[in-house]
Every structure is written in structure tokens, then in C-alpha cells.
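Student: no sequence on hand, only this structure:
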């Protein structure tokens with residue numbers, strides 16, 4: 001059976017690199033990633049090489065060394081931030097909005113208002129889902 005590299009090494013390396021960058025450095029040295037994860041250098045290098053192939057990319061840039069190694073990663077992208085859940089995902093925010101609309105509709109004493117809230121909720125949960133995700137994504141990313 002093939003080892004699940006994502007859970008075993010790649011996700012912890014990504015999380016460590018993004019956290020280090022987010023601590024104000026803007027970049028993460030491989031040595032710091034090794035220290036944070038507890039993995040050896042070979043494991044971290046292999047993971048960073050795999051992460052470097054991701055599209056959209058996880059980092060704005062990886063500083064590579066002669067021989068194919070990586071010395072630093074720079075500026076995690078929104079994709080990286082959302083992957084480690086440092087930034088909200090539009091889908092999660094939509095689910096939160098739908099739950100909130102349900103709760104408000106249930107508490108509403110006016111049947112007409114409750115019905116309108118329920119219809120908006122139902123629209124967002126079904127046919128309007130893609131539109132709502134695009135709008136929420138724009139709010140999150142500023143696009």
C-alpha cells in the first residue's frame with residue numbers, strides 16, 4: 001500500500017513553513033522547518049519538492065540550492081493559507097451563513113419574514129451556492 005505522504009509529511013511541512021512565515025519573517029528557512037516539524041533534512045527537502053509542484057502554488061517563491069535542494073520558502077499564497085486553515089474557506093463561510101439564516105428564521109415570530117429567510121437559506125444551499133461561494137471568495141481575498 002502506498003504511504004499517504006500528504007498526512008505523514010507534506011501537510012506538516014506546509015503548516016510549519018506557513019506558520020513560520022506568518023510569524024513575521026515572510027520567509028521560512030529549511031532549518032526552521034526541520035526544527036518545527038522534527039523531521040530530518042531529507043524528509044523536509046522531499047516534501048518541499050513535492051509541494052513546489054502544486055498548482056496553484058503554495059509559495060510565491062522557493063529559493064533553490066545547487067543540487068536541487070531548497071534553502072527558503074517565501075510568502076505563502078492564499079491557497080497555502082486556506083489549506084492549513086489559517087484563512088477561511090468560502091465554502092465554510094457559506095455553511096456558517098446558511099446555519100445562521102436557519103437559526104434566525106426559526107426565532108422569527110413573523111411567519112412572512114421567517115419564510116423569506118428560509119427561502120434565501122434554501123437558495124444559498126442549492127441553486128445559488130456557486131454564486132455565493134464566488135462572492136464570499138471575493139470578500140475573503142479582496143478580489
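Tutor: Yep, that arrived. Remember, it's a predicted structure, so these values are computed and weren't measured experimentally.
Student: what stretches of this structure score poorly on pLDDT?
Tutor: For the chain, the stretches with pLDDT under 70 are 1, 141-143.
Student: let's see that with 80 instead.
Tutor: Low-confidence segments of the chain, defined by pLDDT under 80: 1-3, 25, 68, 85-90, 136-143.
Student: mind naming the longest helix for it?
Tutor: Of all the segments assigned as helix in the chain under DSSP state H, the longest by residue count is helix 90-107.
Student: and the angle from whichever helix or strand comes after that one to helix 90-107?
Tutor: Scanning forward in sequence from helix 90-107 by DSSP states H and E, the next helix or strand is helix 111-125. Computed with axes from the mean of the first three to the mean of the last three C-alpha atoms, to 10 degrees, the direction of helix 111-125 lies at 160 degrees from that of helix 90-107.
Student: which neighbouring elements make contact with helix 111-125?
Tutor: Judged by 3 or more C-beta pairs under 8 Å, 6 or more residues apart in numbering; DSSP states H and E, the packing partners of helix 111-125 are helix 90-107. C-beta: built from backbone N, CA, C; applies to glycine.
Student: buried ones in the helix it packs on, by neighbour count?
Tutor: By neighbour count on 16 or more other C-beta atoms under 10 Å, the buried set for helix 90-107 is 90, 93-94, 97-98, 101, 105.
Student: the strands in the chain, which residues?
Tutor: In the chain, the segments counted as strands under DSSP state E are 27-29, 59-64, 70-76.
Student: identify the residues contacting stretch 59-70?
Tutor: By C-beta atoms under 8 Å, 6 or more residues apart in numbering, the list of residues contacting stretch 59-70 from outside reads 17, 30, 45, 48-49, 51-52, 71-77, 80.
Student: residues in contact with the residue nearest to residue 51 when sequence neighbours are not counted?
Tutor: On the basis of C-beta to C-beta, 6 or more residues apart in numbering, the spatially nearest residue to residue 51 that is not a chain neighbour turns out to be residue 58, at 5.3 Å. Taking C-beta under 8 Å, 6+ apart as the contact definition, residue 58 lies against 14, 17-18, 51-52, 73, 76-77, 79-80, 83.
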